[in-house]
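K.L.:
structure, please.
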Amino acid sequence: MYGVWYNLLHLLKSLSRWPHATGCAFGIGCVILVFSIDKPQSALIQWTSSDSLPWRSEAPNFSFKSETDDLIDLSALRGTNVGLVFVSSRCAFSQNLKQQLIDQHSSSAERLVFINDFDERELPEETQKLDDLFQTRFTVVQDTTGETFQAYRVRSVPHIYWIDELGKIKDSAAGLPATLRLIRYFDEMP
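P.N.:
Reported below is the predicted structural model:
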């Protein structure tokens, strides 16, 4: 921590020769600080390039039929923290995510809803076996129209949205490592 302060003071000292540059640097630093207060970590990382829904915005509501023909309404899940995980049976990263969650015996299964894209093409046998095993442990629904993927602005899979008790988006992550990291938060929740 000492090194950070030393470097910052050294930077300010060298910028003092140019007062306009110092003022600009201070202003930029203040803007970054103000915009980063009370933001989720992934929002800071994806600040400039995120296509995700805005933090604290209302989560779009949808109803689905699960693979077991149960009707799942996202508004019925209010009052609990829910993770909506967007996956694809044709994506190697999504299949890797599923395999890791099966191997880890994730305790957050009741808090996660996996939304699979709809694809009528035949799946390879090993992919179908993994999907069948995954569906026995986790809630998986099919987005047959693609509307959910569009409403949540999902451009790549796997992608996760953390929706809080009030139905607002608390955090989101895209890509395998970031999605797994956010799923681990659900495992650690009481």
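K.L.:
going forward, measure contacts and count neighbours with C-alpha atoms only.
P.N.:
OK.
K.L.:
quick one: the closest residue to Ser63 other than its chain neighbours from Asp132, how far?
P.N.:
Here the nearest residue to Ser63 in space, its sequence neighbours aside, is Asp73; by Cα to Cα, 6 or more residues apart in numbering that works out to 4.3 Å. Taking Cα to Cα, to the nearest Å as the measure, Asp73 falls 22 Å from Asp132.
K.L.:
mind listing what's buried along stretch 169-187?
P.N.:
169-174, 176, 178-180, 182-183, 186 (16 or more other Cα atoms under 10 Å).
K.L.:
scratch that, stretch 147-159 is what I was asking about
P.N.:
Neighbour counts using 16+ other Cα under 10 Å place 148-149, 152, 154, 157-159 of stretch 147-159 among the buried residues.
K.L.:
please compute how far it lies from its chain's middle.
P.N.:
For stretch 147-159, the distance between its averaged C-alpha position and the chain's averaged C-alpha position is 11 Å (Cα atoms, centre = their mean, to the nearest Å).
K.L.:
quick one: low-confidence parts of the protein?
P.N.:
Residues of the chain that meet the criterion pLDDT under 70 lie in 1-5, 8, 12, 15-16, 18-22, 24-25, 29-51, 66-68, 106, 190.
K.L.:
still on that earlier bit, if we take the buried residues of stretch 169-187, which one ends up nearest to Thr136?
P.N.:
Ile183 (18.3 Å; Cα to Cα).
K.L.:
now do the strands in the chain.
P.N.:
Per DSSP state E, the chain has strands spanning 63-65, 71-73, 82-87, 112-117, 139-143, 159-163, 169-174. These are given in chain order.
K.L.:
neighbouring contacts of the last one?
P.N.:
What that stands for is strand 169-174. Contacts of strand 169-174 from elsewhere in the structure, counted by Cα atoms under 8 Å, 6 or more residues apart in numbering, are 40, 42-43, 52-59, 156-164, 179, 182.
K.L.:
drop anything exposed from the residues you listed.
P.N.:
Neighbour counting by 16+ other Cα under 10 Å classes 43, 52-55, 59, 157-164, 179, 182 among the contacts of strand 169-174 as buried.
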